[in-house]
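**Q** what shape does this take:
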Amino acid sequence: MFIKRNIQTLREWWQSPVTIKERAVGALVGGIGGFWIGVFGRVGLGATPAPFGEVAIWATVIAVCGVVTGIVFPKPVVVILFPFSVFGGGN
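**A** Numbers count the residues shown, from 1 in each chain. Take a look at the predicted model:
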């Protein structure tokens, strides 16, 4: 019963038209998630030690791509990048 209700709610949300609020949340989540993906992507894939300027450029470019993607496709971005956007937000 509980799972069926949640699946139905998710299905209704997914198929509903996108609102301005969802686009704003998608842009925010995409930007923050993209920042962390850029930081970890550069540090993990590039030669180490990585200069701070290079890590900052990667983080900025991927964050901008995340914002644009969050505006265009807000629902998938929120679902996929939300864990990355809350990384580092705790204690």
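
**Q** how close does residue 80 get to residue 49?
**A** Distance, residue 80 to residue 49, by CB to CB, to the nearest Å: 30 Å. (Glycine included, C-beta is placed from N, CA and C.)

**Q** more neighbours, these two?
**A** A count of neighbours by other CB atoms under 10 Å puts residue 80 above the other of residue 80 and residue 49, at 14 against 7.

**Q** that one is in what secondary structure piece?
**A** helix 74-85 (DSSP states H and E).

**Q** quick one: contacts of that helix?
**A** 13-14, 18, 22-23, 25-30, 32-34, 36-37, 66, 69-70 (CB atoms under 8 Å, 6 or more residues apart in numbering).

**Q** centre of the chain versus that helix, how much separation?
**A** 4 Å (CA atoms, centre = their mean, to the nearest Å).

**Q** now do it, average pLDDT.
**A** Mean pLDDT, computed over helix 74-85, is 88.

**Q** so which bits of that helix are buried?
**A** 74, 75, 77, 78, 81, 84, 85 (16 or more other CB atoms under 10 Å).

**Q** so residue 33 sits against residue 66, correct?
**A** Yes. When contacts are counted by CB atoms under 8 Å, residue 33 is listed as touching residue 66 (5.7 Å).

**Q** show me where pLDDT drops low in the protein?
**A** For the chain, applying pLDDT under 70 flags the ranges 88-91.

**Q** could you pull out the strands for it?
**A** In the chain, no strands are defined using DSSP state E.

**Q** tell me where it has helices.
**A** 2-15, 20-45, 52-72, 74-85 (DSSP state H).

**Q** torsion angles phi and psi at residue 46?
**A** phi -90, psi 180 (degrees, to the nearest 10).

**Q** what about it, neighbour count?
**A** The number of residues packed near residue 46 is 13, by other CB under 10 Å.
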